[in-house]
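Participant: all I have is the shape, not the residue letters:
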C-alpha cells in the first residue's frame with residue numbers, strides 16, 4: 001500500500017515556521033525531535049520539499065504541541081492545512 005502524501009502548501013509551511021518560532025525551537029532541533037536528520041525541516045520550510053507523509057506531518061505537530069500543555073489539535077485540523085495527493 002502506498003504511503004499517503006500531501007502537498008506542502010504555503011499556508012502549511014508558514015504555520016510550521018510560525019509555530020516553531022513561537023516555541024523558540026530551531027529547525028534543526030525540531031527535525032531531530034521529530035525523528036529526522038537535522039536538514040529535513042529546513043528543506044520543508046524553504047520549499048525544497050513539496051510533499052510530506054501524514055506520519056511525518058503528525059510528527060512535526062506532536063513536537064510543537066508537546067512543547068505546550070494547553071493546546072489540543074485534532075488530526076482533522078492538521079490536515080486542513082494540506083492538500084491530499086490524488
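Facilitator: Perfect, thanks for sending it. Since the structure is predicted, the reported quantities are computational estimates derived from the model, not experimental observations.

Participant: please, where are all the strands along this protein?
Facilitator: Remark: strands assigned in the chain by DSSP state E are 5-7, 51-53, 83-84.

Participant: and those: which comes nearest residue 26?
Facilitator: Minimum separation from residue 26 across those (CB to CB) falls at strand 51-53, 19.2 Å. Using the backbone N, CA and C atoms, a C-beta is placed for each residue, glycine as well.

Participant: per-residue pLDDT of residue 66, please?
Facilitator: We have a pLDDT of 79 for residue 66.

Participant: between the strands of the chain, which gets the lowest average pLDDT?
Facilitator: Among the strands of the chain, strand 83-84 has the lowest mean pLDDT, at a mean of 52.

Participant: is it true that residue 45 touches residue 15?
Facilitator: No: the pair residue 45 / residue 15 is not scored as a contact, 10.8 Å apart, by CB atoms under 8 Å.

Participant: per-residue confidence at the residue nearest to residue 55 when sequence neighbours are not counted?
Facilitator: In space, residue 55 comes closest to residue 3 once its chain neighbours are excluded; the distance is 7.9 Å by CB to CB, 6 or more residues apart in numbering. Each residue has a pLDDT score; the one for residue 3 is 79.

Participant: contacting residues around residue 3?
Facilitator: Taking CB atoms under 8 Å, 6 or more residues apart in numbering, we find residue 3 in contact with 53-55.

Participant: what of residue 40?
Facilitator: With CB under 8 Å, 6+ apart, residue 40 has these contacts: 31, 34, 49.

Participant: ok, so of these, who is nearest residue 8?
Facilitator: When the contacts of residue 40 are compared against residue 8 (criterion: CB to CB), the nearest one is residue 49, at 6.5 Å.

Participant: for residue 13, give its distance to residue 43.
Facilitator: As for residue 13, its distance to residue 43 is 11 Å (criterion: CB to CB, to the nearest Å).

Participant: typo on my end, it should be residue 51
Facilitator: 11 Å.
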